[in-house]
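[1] whatever this is, show me its structure:
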Amino acid sequence: MTTKVYAGTEVTVGDDGFFTDPEQWREDMAPEIAREAGVDDLTERHWQVITFMRNEYATKGTGPTVRALGKSSGVSVKELYQLFPKGPAKLAARVAGIPKPRGCI
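    Numbering: from 1, shown residues only. Next up is the predicted model:
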């Protein structure tokens, strides 16, 4: 484990860059995490996915798969790949400050 600083706050992340404690995450950290991952501007649709990811984690203890995300978030799988290229469930989970979803490589 290592630490990173987002929005002026030091947080603990795993070797893969995912938060080890989702309680450390704050909304003002998301744009920095997104930029670091290659997503320049977070739109309303990005936030819809981020909020959905955090809610799913809070209720189920893990983030949803891409398929579940496309079915339940109100954002199609095609759009998810446009919003979060290179693996939307994994990238959205990282931006949302939750651990990597099960099944993500």
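
[2] in stretch 75-90, what counts as buried?
    Within stretch 75-90, the residues that qualify as buried are 75, 80, 83-84, 87-90, counting by 16 or more other CB atoms under 10 Å. (Each C-beta comes from the backbone N, C-alpha and C, glycine too.)

[3] tell me the helix or strand right after the worst-scoring helix or strand of the chain on mean pLDDT.
    Here the helix or strand of the chain ranked lowest by mean pLDDT, DSSP states H and E is helix 66-72, holding a mean of 91. Where DSSP states H and E defines the elements, the next helix or strand beyond helix 66-72 is helix 77-83.

[4] now that next one, how far from the chain's geometric center?
    14 Å (CA atoms, centre = their mean, to the nearest Å).

[5] export that helix as CSV, just CAs?
    Backbone C-alpha positions of helix 77-83 (Å, rounded to 0.1, in the frame of the first residue of the first chain) are rendered in CSV as follows:
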residue,chain,number,x,y,z
VAL,A,77,-22.6,0.3,-22.1
LYS,A,78,-21.6,2.1,-25.3
GLU,A,79,-21.7,5.5,-23.5
LEU,A,80,-19.9,4.0,-20.5
TYR,A,81,-17.0,3.2,-22.8
GLN,A,82,-17.1,6.8,-24.1
LEU,A,83,-17.1,8.3,-20.6
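
[6] for the biggest helix by length in the chain, name the packing helices and strands.
    Longest helix in the chain, counting residues (DSSP state H): helix 44-60. If you count contacts as 3 or more CB pairs under 8 Å, 6 or more residues apart in numbering; DSSP states H and E, helix 44-60 packs onto helix 66-72, helix 77-83, helix 88-96.
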